[in-house]
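**Student:** Fold the following.
(chains A and B)
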Amino acid sequence: MDFQVVVLAGGFSKTLVPLVSKEVPKALLPVANRPVLSYVLELLEQNNLKDLIVVVESESAALLIGGWISSAYVDRLHVEVAAVPEEIGTAGALRAIDHHLTASDILVVSGDLVCDVPPGVVAATHRRHDAVVTAMLCSNPVSGSTESGSSGVKDKAKKRYNIIGLDPTKQFLLHVAAGVEVEKDVRVQKSILRAVGQMDIRADLMDAHMYAFKRSVLQEVLNKKEAFQSLRRDVLPYLVRSQLRSELLLNGVQSEENGNDKDASQNPKIVLSQLLANASTPSFHELHALGPNGFSLSPRKTHKCCVYIASNSNYCVRLNTIQAFSDINRDVIGDASHLSGYSFSAQNNIIDPSAVLGSKTTVGPQCMLGEGSQMGDKCSVKKSVIGRHCRIGSNVKIVNSIVMNHVTIGDGCSIQGSVVCSNVQLLERVVLKDCQVGAGFVVTAGSEHKGESLAKKEK
Amino acid sequence: MEARRVPRAVSDPKVRQVGFFAPGAPPDRSQSGPPHPASSSPPVSDISPSGNSLSPVMIPPPRHLSADLARGPHFSPAAPLSPMRAARDSIPVGSYNPSEFVAPTASEFTEDALSPNWTARRSNSGKFASSLPAGGFDMSSLKQNNFPASSLTTVSIVNMPPGITEKDGGAGVEVQKERSKTGSKASSKPLKEQTTKAERRAIQEAQRAAKAATKGDGSKTPAASSGLGSSANANPGKAAKASPQKKDNSPVATSEKRGSDRPQDKDRKKDVPHPRMQFDDKSRVEKAKKRSVVKQTEAKNRVELFRHLPQYEHGTRLPELESKLFQLDPVHPAVYKVGLRYLAGDISGGNARCIAMLQAFQESIKDYSTPPEKALIRDLTSKINSYVSFLIECRPLSISMGNAIRFLKSKIAKLPLALSESEAKAILLSDIDRFINEKIILADKVIVRHAVTKIRDGDVLLTYGSSSAVELLLIHAHELGKNFRVVVVDSRPKLEGKLLLRRLVGKGISCTYTHINAVSYIMHEVTRVFLGASSVLSNGTVYSRVGTACVAMVAHQFRVPVLICCEAYKFHERVQLDSICSNELGDPDMIAKVPGRKEIDSLDDWANSDNLQLLNLIYDATPSDYVSMIITDYGMIPPTSVPVIVREYRREHLWT
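**Tutor:** Model (predicted):
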C-alpha cells in the first residue's frame, strides 16, 4: 500500500527513571511480561506491515532493542533498527533517517503505544482525504486505579490536557495545543474559524502518537524548519496552523490550476481535474482555496490535516508515565486482555505451568505469574504481574503491583501499588506502598516505604 | 394518468420500429429518427464537427468481425469509410510500433533507475552511519553482534512472500537481495516459497486456461506462443517478419483467449456489468458474502419491493474497510483509495467515478509487473477483475464504469502477444488516456457545442441535480454571451445542486434555486429543461439521478422540451421499463437524518422498529416519451435512435 512504517522506540526516558535503566530501555519495559514494543510490533504484524524501521535513541539502547527484536521476530518481521543520538526529539529522529524514507506515505508509530486500533484506519483516512498529516486521537485514559487510591506522585500526569479543535464532521484537525500552553489561554486562528464556520473544541482527546505523513511534506518541513524537535509539539501544530496558507510545495496539480480560464478550457488535464473536483464534495479547504464567491484567479494553497478518532471501545494508551505503566499492566491482564495474547485460565489469571506455589497461596483473578517463579506458603497475589524466576518467600502480600524478573522477596513483605524492577532484593518484612524500586536495589529488612522512588545511586 | 397513457400508445410502434432495422440500409434509418416535436434541429451532419463524432447519417455498414479484429489497437477518429478502413487494415502492425514505443522505454528507464538508487543508498549507508553525530556502529563489534554495517541495522528479516515483491516490482526484489546479502542475519534460513492463496489460485487458473487453450485449437496455439516468444525489442527486420504472422494470429489468439477466459472468469465475477444478483435469494447472498472483502451487513427493514437490491448497513462498512487497509494485499493502493472514496460518497457522478476508476487502473497498470511464467494478458485481466469486484463491493458500478471496464478488458485481451511488458503497459496507459479524452472530455465538448445551439437569448433553463455536461453547457453558453437564466432544482438528501449553484453563481450566471417539491410551480416560466443522465438504455429510457423522471414528466406536461445531455459511452443495450428491477439503494440514514436539525430527528432509531422501512433510491428511469431529445457526442438524436448508436458504435467503443 506504499506505506513505510517508522516506529519511534525512544531511549532511556527520563520520566520513567527508576523503571528504565541502562539494561532496560523504555521500549523493553515489560507489560504483562512482554516488552511494550512487542505490542506495537504485533499490531503491525497483524496488519500485514512487516517492513519496519525502528528508531532508537542512543546506541546502547539500539543494541539492546535490536538484539531483542532479532531474537523475537526473526522470520516474522523485517525490522531495521536505526540509532540516533539522544535528545534530538522525534522530529530529529525522523530527520536522521530521512534518506531511508522512500514510500509516498510514512506511518509514524510511537513504540510505547499499546492499542488495538488497526493502523489501517489511520492510513485509510489519510489516503481518502489526500491529507498531509493524519493523526490518531483517542480518549484520555482513565488514570489511576480505583483500588489503590490517589497517589501524590502521579497527579502531574493527570493535568496534561490537550486542546484539540475539530471541524463539525470530525475529520479535520483545526487546532492543537499541548497541555502546557493551555494553562493561560487558547488562541484560535480566525482564518480557520471563518473558513470552517464551526469548531468543536475537545479536551478529552489524547494524541496517540500514531501519524500518517505524506513523505514529501514531512521531509520538506523537517528540512526547512531545523528548529523543530518534536512531531507532536512542533511539526503537527505547524501543519495545522498553516493549513489554509500552505507554504508547502504539494505535488503538481494545484500549482497547474493557476492558469487562467482560457487556458483551463484547452488543457484536458485541467478539465479533468476540475471535473473530478466538481464531482466530489468539497471540504472547507477547497472552498477556502476558491475564495469567497467560488472563484479567484489565484487559488490559495491549502493542505489538509485529518484525524482519526478511535472509538471508546478500542483500547489505546501510551506508556509514557509511571502511572501509565501500572495502568497498562493492569489493563492488559484485566480489561484489555485480548491484547496480551495469553489465554486465561478459568480463574481469569495466567500462571505459568513451571511456576511453583506454596500451600495456602492464592493468586487472584487478573494476575499473572511468569515462568519459573516460586512462591512460598500463605502468599496472596491480587491484580498483579509477577515476572519470571522470582523467588517469593512465605506470607507475602502483593496487590496491584508489578514485579519484574529475578526478584527476590523475603518473608512477610507487603507490596501494594508498587513497581519492583528486575533483580531487586526485598529482605524480610518490607512494606512498600506506591513505590518504585529501581533495578538491582536492595531494600533493607523491616523498612517501610510509602510513595517513594528507590534506586541505586548513579556513580 | 390519462395524459400519460396517450403518448405511450403513440410511441409504442416507434419502439418496435427500432427493433426491425435491417442491417444494411443506412440512409433510410437515419431519416426514420429525427422528426420529433422539439428537435427542430438542423441536419445532423451539419452540426457534427470534423472530429470523431459521427452523425447518424454516416453510420457505416456493419463490418466483418475478422476485419475488425485485425485492426491494430490504433484508433482512428476519422469516419470509417470502407476504403479507408481497408487501407488501414493493410498497414503492417509493426509499422506504427516504433513511434508508440518511445515513451514506454523512457518510463521503463525511470522505473529501473529507482532500484539502483535505493541500492546505492544502501551501500552508502555505512557513510551515513558515520556521518551521524553519534557515529555508527563499530565494525568489529558489529561482527560479534551480527549487525550489518549500516545505520539501519537489519535485525530481523522476513523472506517476503512473492506476492509482495511482485507488487513493488523489480526494485523490491533487488532490494531484498541486497538486504539478504548485507544484512545477513541468522535468519537466512532457507525458506520455502510460500505461495499465498491468491497465487495458488492464479496458478491453477493459468493451468486451466492453458489446458483450455490446447484443447481449443491445437494448431494455432503454437503459432501464437511463438509470437509471444519473439521479443519486441528485437531488430526491426524480425518484427516486420513477425508482423504478418501476428496479423493472422491476433484475431485467433484473442478469440481463443476469450473462449478460454470465460470459464476462468466464471467463478470469480462474471462479465462486467455484473449480472445483477438478486439479493432476496438467500443462498447466493451467503455465497457472495464469503467472497467479499468488505464486510457487509445487510440492512434490516428493507422495502419489500426492493429486496432484490443490495442494501447494507452503511455505518459499519467504512470503518470495516478502513481497518483492512493493510490486509488487502491484492488491491492496488490507488484502486483502494478510489473504492474508499466511493464508499464514503466522496466521489459521485457517472463521469467522475468513471474517470477516477480509470485513473486508478492506470496507476495499477503502471506498477504492474507480470509474474514469471504468466502471460500479461491473462494475469492482468484477472487482476483487473479482482479490482472490479472490490469496487463493486464498495459501491455498485455505474453503467458508464461498466462500459469503461469492458473497454479496458477488451484492450487487454487484444494486446498482441509479442509485445514486451513495458510496451504493453504503455499501450494500455495511452488507451485509457484516450478513452478518457475522447469518450468523456471531447464528448462533453461536442455535446456542449451541439446543445448550445438550443439556448436562445431570454431562455429560462431548468436543470436538476448536478450534471457535469449540463454545467459545462451552461458555462459555455454564458461565455458566448447568451442571455439566459437558470433554475437549479435540487433534492434531498445529497443536495448536489447546491454545489452546482455555487459554481454557476460564481461565474456570474443568474440562477434560481428550488427544491423538487416546487418544480411544478417553477415550470411555468421555464423554456428548456437540460438534464444529465447516468445512462441511456436502448429503448430510450433515461436512467438518471432519482427525481429526473419527475422533472421530465412535469416538463412534458407543461410542454417544455426536455433535452438530455449524455455521452455516448454511457449508452447501454439493456432495456429497462421501470426503476425497480435494477437500481441502487443508498444509505437510508441519509434520509432519516437532517443535519443541523435535531428537533425533527424522529427517525433516529428507525432500524429498531419493525413496521418502518426507509427507501433511499439513487436512480430512476425516465420513459422515452418524456424526452424530447438526447444530445450525445454523435449529434442530437431522438430517444428512438439510441439503439442505432448502441448497435453501430458499440463495437467502436470497445475496439477503439
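
**Student:** just for chain A, where's the confidence low?
**Tutor:** A:1, A:141-161, A:178-184, A:247-272, A:275, A:277-283, A:286-300, A:457-459 (pLDDT under 70).

**Student:** Can you give me the domain boundaries for it?
**Tutor:** As assigned by the TED database, chain A contains the domains A:3-142+A:161-249+A:303-318, A:348-454.

**Student:** So which of those domains is nearest chain B?
**Tutor:** Nearest to chain B, of all these, is domain A:3-142+A:161-249+A:303-318, at 3.3 Å by C-beta to the nearest C-beta. The way it works is simple: take the backbone N, C-alpha and C, and place the C-beta from them, glycine included.

**Student:** For burial, what's the neighbour tally of the residue in the stretch 401-550 of chain B positioned nearest to chain A?
**Tutor:** Residue nearest to chain A within the stretch 401-550 of chain B: B:Gly506 (2.9 Å; C-beta to the nearest C-beta). When neighbours are counted by other C-beta atoms under 10 Å in any protein chain shown, B:Gly506 registers 15.

**Student:** So it lies in a helix, does it not?
**Tutor:** Yes. Per DSSP: H, G, I helix; E, B strand; the rest coil, B:Gly506 lies within a helix segment.

**Student:** follow-up on the earlier one: including mean neighbour count and distance to chain B, could the domains of chain A go into CSV?
**Tutor:** Below are the domains of chain A laid out as CSV (neighbours: other C-beta atoms under 10 Å in any protein chain shown; distance: least, C-beta to the nearest C-beta, whole Å):
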stretch, mean neighbour count, distance to chain B
domain A:3-142+A:161-249+A:303-318, 20, 3
domain A:348-454, 20, 22
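
**Student:** got the contact list for the residue most central in space within chain A?
**Tutor:** Nearest to the mean C-alpha position of chain A, by C-alpha atoms, centre = their mean, lies A:Leu113 at 3.2 Å. Neighbour list for A:Leu113: A:Tyr39, A:Val40, A:Ala208, A:His209, A:Met210, A:Cys316, A:Val317, A:Arg318, A:Leu319 [criterion: C-beta atoms under 8 Å, 6 or more residues apart in numbering or on different chains].

**Student:** Sort out for me which of the residues you listed are in strands.
**Tutor:** Under the assignment DSSP state E, the contacts of A:Leu113 contribute A:Ala208, A:His209, A:Met210, A:Cys316, A:Val317, A:Arg318 to strands.

**Student:** As a check, name the ranges of all helices in the stretch 301-450 of chain B.
**Tutor:** B:314-323, B:333-344, B:350-366, B:376-394, B:399-413, B:421-434, B:443-451 (DSSP state H, counting those that start in this stretch).

**Student:** possible to save those as a markdown table with distance to chain A?
**Tutor:** A markdown table is the format used below for those (distance: least, C-beta to the nearest C-beta, whole Å):
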| stretch | distance to chain A |
| --- | --- |
| helix B:314-323 | 4 |
| helix B:333-344 | 5 |
| helix B:350-366 | 3 |
| helix B:376-394 | 12 |
| helix B:399-413 | 12 |
| helix B:421-434 | 9 |
| helix B:443-451 | 8 |
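
**Student:** Make TSV from these and add distance to B:Glu584 and mean pLDDT to it.
**Tutor:** TSV is the format used below for those (distance: least, C-beta to C-beta, whole Å; pLDDT from 0 to 100):
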stretch	distance to B:Glu584	mean pLDDT
helix B:314-323	12	66
helix B:333-344	12	85
helix B:350-366	12	90
helix B:376-394	11	87
helix B:399-413	11	89
helix B:421-434	25	90
helix B:443-451	24	91
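
**Student:** between the ones you listed, which gets nearest to A:Phe172?
**Tutor:** Among these, the nearest to A:Phe172 by C-beta to C-beta is helix B:333-344 (14.1 Å).

**Student:** and the angle for that closest one with helix B:350-366?
**Tutor:** 160 degrees (axes from the mean of the first three to the mean of the last three C-alpha atoms, to 10 degrees).

**Student:** counting contacts, what elements does helix B:333-344 pack onto?
**Tutor:** Helices and strands touching helix B:333-344, by 3 or more C-beta pairs under 8 Å, 6 or more residues apart in numbering or on different chains; DSSP states H and E, are helix A:119-129, helix B:314-323, helix B:350-366, helix B:376-394.

**Student:** what's the distance between the residue of the stretch 401-550 of chain B closest to chain A and B:Ile475?
**Tutor:** Look at B:Gly506 and B:Ile475: by C-beta to C-beta, to the nearest Å, they are 10 Å apart.

**Student:** same check, this time on B:Lys287
**Tutor:** B:Lys287 is 48 Å from B:Ile475, by C-beta to C-beta.

**Student:** Looking at the two, which is more packed in?
**Tutor:** B:Ile475 (18 against 12).

**Student:** and the more buried one, helix, strand or coil?
**Tutor:** With three-state DSSP as the basis, B:Ile475 sits in helix.

**Student:** Check the burial of the nearest residue to it once chain neighbours are set aside by counting its neighbours.
**Tutor:** Leaving aside its sequence neighbours, B:Ile475 sits nearest to B:Lys507 (C-beta to C-beta, 6 or more residues apart in numbering or on different chains; 5.7 Å). Residues contacting B:Lys507 under the criterion other C-beta under 10 Å number 17.

**Student:** ok, now how distant is B:Lys507 from B:Val470?
**Tutor:** B:Lys507 is 13 Å from B:Val470, where distance means C-beta to C-beta.
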